[in-house]
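K.L.:
below: sequence and its predicted model.
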Amino acid sequence: MSTLTDRRRMSPDLDLDTAEPLNSQPETDTPPINRNRRVAGKTNGLRHRPSRQRSLTRDIGHVAAETYLVTRLAFTLLQYLGIGYRWITQLLALGCYAMLLMPGFLQVAYYYYFTRKVKRSIVYGDQPRNRLDLYLPADIDKPKPVLIFVTGGAWIIGYKAWGSLLGLQLAERDIIVACIDYRYLVSVPAVQD
């Protein structure tokens, strides 16, 4: 068995701590070649696994912690703005109510945009908003009653798709429904005394 001094006698120009020659070339800009690196599928017959694996539970925990932090900061900000807990709880209740109604709205929207029984944006006049949606029953060979639905909105708001649920329900009962858009009242003339 050779000792440390014997190894230094055999190769005096080798630094045994780093296993590199003492009189090596000066460093260049190119990175050194790592001869001991692993190649995927080539290390001792085992498959190479990444050194840092992502964990689903760690990701979920991170998302939960970030959500908690953002929520806590939002509540703190709202308190500094003078908005109390009562207002915040009412806002959260409204958000929950909207979430409960969302599946119904999504179902109506899906039917409105993707069914062949609804003929959308049929032009009936020369104004930009003179359009109507026509809701047709399944059997249109026979004469059917027609209902014209005009959405409310004080001549300043309203959209023909607001009547889509009514149109869909009446079309199932063999009634043709026309939901119309109309021109808004752009400006109210000033009343002079």
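P.N.:
Now that the structure is in, tell me what you want to look at. Residues are numbered from 1 along each chain as shown.
K.L.:
for the rest of this, base every contact and every neighbour count on C-alpha atoms.
P.N.:
Noted.
K.L.:
sec struct for V177, please.
P.N.:
State at V177, reduced to three classes by DSSP: H, G, I helix; E, B strand; the rest coil: strand.
K.L.:
shouldn't it be in contact with Y135?
P.N.:
Yes. At 5.0 Å, V177 counts as touching Y135 under the criterion of CA atoms under 8 Å.
K.L.:
quick check: neighbours shared by those two?
P.N.:
Shared contacts of V177 and Y135 (CA atoms under 8 Å, 6 or more residues apart in numbering): G167, A171.
K.L.:
burial measure for A109, as a count.
P.N.:
Look at A109: counted by other CA atoms under 10 Å, it has 14 neighbours.
K.L.:
state the phi and psi torsions of it.
P.N.:
Main-chain torsions, A109, degrees, to the nearest 10: phi -60, psi -40.
K.L.:
show me where pLDDT drops low in this protein?
P.N.:
Counting by pLDDT under 70, the chain has low-confidence residues at 1-54, 186-193.
K.L.:
quick one, strands of it?
P.N.:
Secondary structure of the chain (DSSP state E): strands located at 14-15, 20-21, 118-123, 131-135, 146-150, 176-180.
K.L.:
report all helices and strands that the fourth one contacts.
P.N.:
Based on contacts counted as 3 or more CA pairs under 8 Å, 6 or more residues apart in numbering; DSSP states H and E, the elements that strand 131-135 packs against are strand 118-123, helix 164-172, strand 176-180.
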